[in-house]
Each structure stands twice: as structure tokens, then as C-alpha cells.
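K.L.:
I need the structure of the sequence given here:
(chains A, B, C and D)
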There are 2 protein chains.
Amino acid sequence: MAVTLRDVAARAGVSARTVSNVVNDFHHVSPAMRARVQAALDELDYQPNLLARSLRQGRTGIIALLLPEIAVPYFGELAHEVVERASRMGCTVLVDETSGRRSRELALLDVADRSRWVDGVLLSSLGLNGRALAGLRSRVPVVLLGERTAGASHDHVGIDNVAASRAATQHLIDAGRRRIAAVGGRAGPSDATSRLRLRGYRAALRSSPAPPGGDDLYARTPDYTRAAGAQAVRDLLARTQPPDALLCFSDELAAGALRELHDQGLRVPSDVAVVGFDDVDASRFAVPSLTSVAPDKAAIAKSALEMLVERVDGSRVGPRDVHVPYELVARESSAGS
Amino acid sequence: MAVTLRDVAARAGVSARTVSNVVNDFHHVSPAMRARVQAALDELDYQPNLLARSLRQGRTGIIALLLPEIAVPYFGELAHEVVERASRMGCTVLVDETSGRRSRELALLDVADRSRWVDGVLLSSLGLNGRALAGLRSRVPVVLLGERTAGASHDHVGIDNVAASRAATQHLIDAGRRRIAAVGGRAGPSDATSRLRLRGYRAALRSSPAPPGGDDLYARTPDYTRAAGAQAVRDLLARTQPPDALLCFSDELAAGALRELHDQGLRVPSDVAVVGFDDVDASRFAVPSLTSVAPDKAAIAKSALEMLVERVDGSRVGPRDVHVPYELVARESSAGS
DNA sequence: CTGTTAGCGCCTTCAC
DNA sequence: GTGAAGGCGCTAACAG
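P.N.:
Numbers count the residues shown, from 1 in each chain, chains lettered A, B, ... in the order given. This next block holds a predicted model:
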């Protein structure tokens, strides 16, 4: 059926070894021989069976990208950067969804680890905390995207969430806001993102001359969706004194918040300023356009893949922790009061 | 290093074949034997090398999903449905991006075809027309997502674009709109989507009692992005008589249009009604929320994967053309004038 | 019901 | 610079 190395060898009247040498240009094959083999290669339209090659070499050139959900814009944009850079590096990307569930993250990691399908794993984990990850003895290298959970024993790449959150909060303070609410996540042990961002938020408030109330200005949410953002606004507005600014820990939350504020007859930014995280493409076109903390997604993909490939190549250096740049993109939703 | 079938066989004092039988529960292994093998399996923590299995069986359980761009919300949502259903069917999904470029689509198809990595391909093609696809003699089965281009020789699944577009246009006519503009694509030979949707749009107008002007109410766009939607609105408003409704051939176009209409001081829906296509998650939360044609994405993924698996299993029936349901979801952006 | 024997297609250690 | 043989780990024919 399919044409194999042997077929080509027979056609050219040489051994399989020689054909292999030509295909991968190994050693130095004599020009005459090379030409003859090449002719046979072309005539038979030979294409190597990558499966067999991988079995032999113990390397597939495939990396797994494990995300909570690919349809969430931020993860979609991240996946885009990963796929693009991987392809430039000669790798292909296998995408799998975890729903952010710990059990599923572990199961997929396990499969990836044992099946021999993938050379390495990029994991954007929501459910696994440091201990769970440290307990993981995987053959396949894993690089974490997003937060570094305490005690993690893996490479990790993300932005400095504390600093970013602090900067975003300061931006609102500078715009004259005094009752700034933080929105998103549960700040629990398995939600490092919101924990870190909350820390930055509080740090900014503490160093501000007119500090607002305490914890009551944090609205927890079960997830980072638009629906959760809308619900959070309803919760906040039901409290005695409504906020004059929202720091939402994702653009999706912020989008839901914008919608709900609109429904409640509040104007953005005059009544309430809104800032998001992730700087998703849609935020530029929202009405009003959304101020957001923009992580350098291309840089995340680049660092992560580079570290992963190093590990695949056998590097044994200690776990690394890479911070990529972020930028606060100021737009209409937080324009000066 | 890794524990193989042989190791287990040696440990249990049986042949590799028997172990294989236990692992895949083939034939009927005697309970006693099964228990002994299972014990060895557990003790050694054996996990099959899927690579070797695939090489042997000529099947990988991997399907490739070729999309223009995963970060585009519609494709992200589609990918989500595909990944989810594939995982339920025991398959994994390899995602690759084509940028909608013909050359890249062909190249990726070729790689998928020859590398033996994937059992089948799901292709959401923008650049390939019927002839180009028909000329493709691929070993690996391919199912097309989106439009069936004329003369295509492959299975295809999508919505009935003509009917859907006609229904959406009728919806605007019923809402009292008289100058309805169509927005999106180039309606050229390699852009079947806009061609079909334009056809439905025109059919609705023709059967309407008060037909508006002619072709001048179609705004071409280079792509289906928000930026293009905004630009299209600027173009349309520069014409002598501005439209009172927009039928945008994607929700992204519509989102850009909403933004631009807002910037130009026009109110939606009172001045201009807007309808989109795809019913992306963001559209529900837009301000105003966006009326959209909602294809049943889960059904697309389901049909496509089912057809693909049938082909992988050797089915040789003629090319099939499946229409999945769609629904016009009426929201604020087209509320009665 | 289980053991033996061949490969799947490729790369690579040995000889020449 | 080239040929021959072995094996990556698994499963599918054949025995027995």
C-alpha cells in the first residue's frame, strides 16, 4: 500500500540505510548515490511514516496543551500563540480541555505521561495546587502556564500578578476612585490567580491616602465568566454603599459587569469605572471599550515552549519561574472621573 | 526504563500474547490466568505504549482539526464542541491553524495525509474551492466544516446558509426595516459562505413587498473581523442613503458594527437594527445584546465526527451533505422599530 | 485457552 | 561511504 523505505531502497538498488541517510541527510553520501536515491524517492513519492520514526526515536514532536476551556477567549488567544510558535518550532499541538477540574487535569496529565504520544505538556491549571503538582512524578516534562502555586516543582511562566493588580488598582485610585471593589475567583487555596491579584489590590489600597473599607469590597465568583461578572455586580449593588470602580480579574467578568451596570442604569465610567484582566480582543471593541491588564501572550507561549523543549532535550536545571511583561491598557471604561 | 509487555509477561510467567489479551480483553482468558496477569500488571504499573500500538494497528485515535484561527470566538466554540465530543469517543484532537490561506490548508492536509499521525481530518476551509478539494486524493478521510463548495467530493456538514440568511433578513423586514444592508466577505469564488448568505438575503428582499435598492447595499469586507465590521459601517454611512438595518455575516463583524454605530451617534436598534451570524457567547452580553443566527455547534461537531469515524472505519459511501439545525435568536439589537 | 513467530516502518550499532 | 542485522513495543496469524 504505502511506499516504505525498503521500497525506495529496492527501486534504487541500495540498502535502506542509504535511503535513510539521504532522507535525513546523515553522513556524507556520494553525490551520485544521492542523486539516484533522490530519483527513486521522487518517483515513488516516498513520505516517511512519522509514527514509526517516533517509535524508534522515542520522540514525537507533539506537545499537549491542557486548558480549562478552549472557547474561553483568553485561552483561545493563548492557544493561538502556542500553536503558532509551536508550528514555527516544528511541533504540533494536541489540545485537551480540563474544565478546570482537578480530577480531569490529573487524568489528562497521566495519559499524556504514559501514552508516549507527547513529548511535553503545557498545563494551564486551575484545580491543582502546589502540593498536588509536586507529588506528580511525571516522565514527560510539564510547564505551567498562569500562576505558580506555592511549592510547585515545575517550570512556570506568567505575569507578576501582584504587581499587575497593584498597578491596575493604582490606576483607578489615580483616576479619583475611592470605593474600588475587586471581583473574581474565590481566593481559595486552589485559586492562586485571584489570591495574588487580591494581594496586589490590597497593597495598592493600603498605600493609598484615602483607603476605603475592608474585605467587603471583594466579590467572590464561582468562575470567571460573564454571567459571574453580572451576578457579582448585582451582589455589590445590593450592599449598603455601592462601589465607584470595579477591578475584575478577567475581561469576561468585566464584560458581564458592564452589561449588568448598563441594565441597572449606571454609567461607565462616570458612575462606575471598570478594569479587566487579560486584554482579550473583544475588549477593544466593547461599548465602552474596556481598560485591561494585557499579559504578553506571545511571550508566554514563547518562554513556555522554549523551556519545555529544553526539558525534552534533557535539561535538568531546577524549576524556573519566568515573569513575562504585562501592560495596563487604559481605555474608555476607566477614563478620568 | 519503561515497563513493557514482555516485562509483565516474564513477571507473570506467561507469554506476551496473554498479557496483551488481558490488557485489551480479547478472547476468553481463564479467570486464574487473568488474575495472575493482572497482579503483574499492577505490580509493575504497566501502561501500554500507544505509539507502538498505533504503528501496529495503523490507527492513532487522533483527528486533526484544521481551522483558520483558534482565537476567533466562533472557531474556539466549535473547537470546544469537537474536543469534547472527540474525547467522549475516545479520540484526541490535534489543532492546527491555516489563517484561511489556501496554501497553508493544502500543506497541512498534505502533512496530515502522509505523516500517519492522524486518522482523519476536520477541515474548516476558507481558501479552498470545490475544484481544489476534488483534486485532492487523500488517503486520510476529510470532512468539511462550514460551506460545501460546488463539486466538492467530501463529506460536509453545516447549516443551510441560504435559508438561514433568508430567515434573518425576513426577521428584519418584519420589524419594519426597509433599507437592509448585507455585510461581510467578498462573495467571490473562494468565499462560499458570503455567497450563500447573500443569496438568501436577496431572496428575502425579492419576496418582500417593498424592495429596497440593489447591490449597493452589500458591503464587502476583506475578512470577518470586528475591525472589518467597523470599516463597513463607515463605508455604508458614507453612501447617500444610510441603511436602517445591517445583516452581518458574522458576530464579529456585527460587534465591530455596533461599536462604530455607537461612535457615529446612531442608536441600535432605533436608528439601525443589527443581526449577526454564529451566535457567539459574547453576543448575549453585548450592549445592546445581539440578535444572531445560531448554528447548532454541538450538532456540527457530532455529525462531523460521526461521519469521519465511519470513513476511518472504511465506509465508502458517496460524499454526504449534512445540514444541521440553526435558530434565529432575537435580542435587543433588532427589537421592533 | 495460550505460546510462538512475524512483522508494523524506521533508525542505528556493527562490520566492510 | 555503504550493507546487513537488530530492535523500538505492540498485536495478529498461526499453531498446539
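
K.L.:
where's the closest residue to A:Gly13 other than its chain neighbours relative to A:Arg11, distance?
P.N.:
Computed as Cβ to Cβ, 6 or more residues apart in numbering or on different chains, the closest residue to A:Gly13 that is not its neighbour in sequence is A:Arg36, at 7.7 Å. For glycine as for every other residue, the C-beta is placed from the backbone atoms N, C-alpha and C. A:Arg36 sits 9 Å away from A:Arg11, going by Cβ to Cβ, to the nearest Å.

K.L.:
For the residue nearest to A:Gly13, the count of nearby residues, please.
P.N.:
By other Cβ atoms under 10 Å in any protein chain shown, 18 other residues sit near A:Arg36.

K.L.:
what's the next secondary structure element after the strand or helix carrying it?
P.N.:
Element membership of A:Arg36 [criterion: DSSP states H and E] is helix A:31-44. Proceeding N to C from helix A:31-44, the next assigned helix or strand is helix A:50-57, under DSSP H and E.

K.L.:
And that next one, what's buried?
P.N.:
For helix A:50-57, the neighbour count (16 or more other Cβ atoms under 10 Å in any protein chain shown) marks A:50-55 as buried.

K.L.:
restrict these to those near DNA strand D?
P.N.:
Restricting the buried residues of helix A:50-57 to those within reach of DNA strand D (Cβ under 7 Å from any atom of the strand) leaves A:52, A:55.

K.L.:
Of the buried residues of helix A:50-57, which is the nearest to B:Leu266?
P.N.:
Set against B:Leu266, the nearest of these by Cβ to Cβ is A:Leu50 (55.0 Å).

K.L.:
what sits up against the strand or helix carrying A:Val275?
P.N.:
For A:Val275, the host element (DSSP H and E) is strand A:273-277. Among residues not part of strand A:273-277, those counted as contacts by Cβ atoms under 8 Å, 6 or more residues apart in numbering or on different chains are A:164-165, A:168, A:171-172, A:175, A:177, A:197, A:244-251, A:253-255, A:257-258, A:261, A:268, A:283, A:290-293, A:333-335, A:337.

K.L.:
just the buried members of those?
P.N.:
For the contacts of strand A:273-277, buried by 16+ other Cβ under 10 Å: A:164-165, A:168, A:171-172, A:175, A:177, A:197, A:244-251, A:253-255, A:257-258, A:261, A:268, A:283, A:290-293, A:333-334.

K.L.:
Could you count how many residues lie near A:Arg267?
P.N.:
Using other Cβ under 10 Å, A:Arg267 is surrounded by 10 other residues.

K.L.:
now do A:Arg320
P.N.:
A:Arg320 has 16 neighbours, counted by other Cβ under 10 Å.

K.L.:
pretty sure it contacts A:Ser153?
P.N.:
No. Between A:Arg320 and A:Ser153 there is no contact under Cβ atoms under 8 Å: 11.2 Å.

K.L.:
circling back to that earlier point, now look at the helix holding A:Arg36 and say if it contacts DNA strand C.
P.N.:
No. Applying Cβ under 7 Å from any atom of the strand, one finds helix A:31-44 separated from DNA strand C by no less than 10.7 Å.

K.L.:
So that helix, near DNA strand D or not?
P.N.:
Yes. Residues of helix A:31-44 contacting DNA strand D under Cβ under 7 Å from any atom of the strand: A:32-33.

K.L.:
can I have that helix written out in CSV, keeping just the CAs?
P.N.:
Extracted C-alpha coordinates of helix A:31-44, given in CSV (Å, rounded to 0.1, in the frame of the first residue of the first chain):
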residue,chain,number,x,y,z
PRO,A,31,26.6,12.8,-4.9
ALA,A,32,26.0,10.1,-7.5
MET,A,33,24.3,7.8,-4.9
ARG,A,34,22.4,10.7,-3.5
ALA,A,35,21.0,11.6,-7.0
ARG,A,36,20.0,8.0,-7.6
VAL,A,37,18.2,7.7,-4.3
GLN,A,38,16.6,11.0,-4.7
ALA,A,39,15.2,10.0,-8.1
ALA,A,40,13.7,6.8,-6.6
LEU,A,41,12.3,8.9,-3.7
ASP,A,42,10.6,11.2,-6.1
GLU,A,43,9.3,8.6,-8.5
LEU,A,44,7.7,6.6,-5.7
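
K.L.:
which outside residues touch it?
P.N.:
The contact list for helix A:31-44, computed with Cβ under 8 Å, 6+ apart, reads A:3, A:7-8, A:11-14, A:18-19, A:22-23, A:29, A:46.

K.L.:
And the furthest pair within the residues you listed?
P.N.:
A:Val3 and A:Val29 (20.0 Å).

K.L.:
just to revisit the earlier point, among the contacts of strand A:273-277, which are in strands?
P.N.:
A:245-248, A:291-293 (DSSP state E).

K.L.:
can you give me the helices in the stretch 1-150 of chain A?
P.N.:
Here the stretch 1-150 of chain A has its helices, by DSSP state H, counting those that start in this stretch, at A:5-12, A:16-23, A:31-44, A:50-57, A:73-88, A:102-115, A:130-134.

K.L.:
mean confidence score for the fourth one?
P.N.:
Spelled out, it's helix A:50-57. In this model, helix A:50-57 carries a mean pLDDT of 90.

K.L.:
The shortest one too?
P.N.:
On average, the pLDDT along helix A:130-134 is 67.

K.L.:
do the fifth one as well
P.N.:
Per-region confidence: helix A:73-88 scores 97 on mean pLDDT.

K.L.:
buried set for that helix?
P.N.:
For helix A:73-88, using 16+ other Cβ under 10 Å, the buried residues are A:73-86.

K.L.:
and that helix with helix B:73-88, angle?
P.N.:
Inter-element angle recorded for helix A:73-88 and helix B:73-88: 80 degrees (by axes from the mean of the first three to the mean of the last three Cα atoms, to 10 degrees).

K.L.:
Report all helices and strands that helix A:73-88 contacts.
P.N.:
In terms of contacts (3 or more Cβ pairs under 8 Å, 6 or more residues apart in numbering or on different chains; DSSP states H and E), helix A:73-88 is packed against strand A:62-67, strand A:92-97, helix A:251-263, helix A:297-312, helix B:73-88, strand B:92-97.

K.L.:
Could I get those in TSV, plus columns for distance to A:Gly135?
P.N.:
Listed next are the helices and strands packed on helix A:73-88 as TSV, based on distance: least, Cβ to Cβ, whole Å:
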stretch	distance to A:Gly135
strand A:62-67	17
strand A:92-97	21
helix A:251-263	31
helix A:297-312	19
helix B:73-88	25
strand B:92-97	25
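
K.L.:
Let me know the pLDDT of A:Asp215.
P.N.:
So A:Asp215 comes in at 55 (pLDDT).

K.L.:
Max pairwise distance over the buried residues of helix A:50-57: which two?
P.N.:
Longest span within these, Cβ to Cβ: A:Leu50 and A:Leu55, 9.6 Å.

K.L.:
Distance to DNA strand D for the helices and strands packed on helix A:73-88 - can I get that in JSON lines?
P.N.:
Shown next, in JSON lines, are the helices and strands packed on helix A:73-88 (distance: least, Cβ to the nearest atom of the strand, whole Å):
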{"stretch": "strand A:62-67", "distance to DNA strand D": "17"}
{"stretch": "strand A:92-97", "distance to DNA strand D": "20"}
{"stretch": "helix A:251-263", "distance to DNA strand D": "43"}
{"stretch": "helix A:297-312", "distance to DNA strand D": "17"}
{"stretch": "helix B:73-88", "distance to DNA strand D": "20"}
{"stretch": "strand B:92-97", "distance to DNA strand D": "17"}
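
K.L.:
right, and the ones you listed - which one's nearest A:Ala232?
P.N.:
helix A:251-263 (6.7 Å).

K.L.:
Can I get that closest one as CSV, trimmed to CA atoms?
P.N.:
What follows is helix A:251-263, C-alpha atoms only, in CSV (Å, rounded to 0.1, in the frame of the first residue of the first chain):
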residue,chain,number,x,y,z
ASP,A,251,-12.2,40.5,30.9
GLU,A,252,-15.1,38.1,30.8
LEU,A,253,-16.1,39.1,34.3
ALA,A,254,-15.7,42.7,33.3
ALA,A,255,-17.9,42.2,30.2
GLY,A,256,-20.7,40.8,32.3
ALA,A,257,-20.2,43.6,34.8
LEU,A,258,-20.5,46.2,32.0
ARG,A,259,-23.7,44.6,30.8
GLU,A,260,-25.2,44.5,34.3
LEU,A,261,-24.2,48.1,35.2
HIS,A,262,-25.9,49.1,32.0
ASP,A,263,-29.0,47.3,32.9
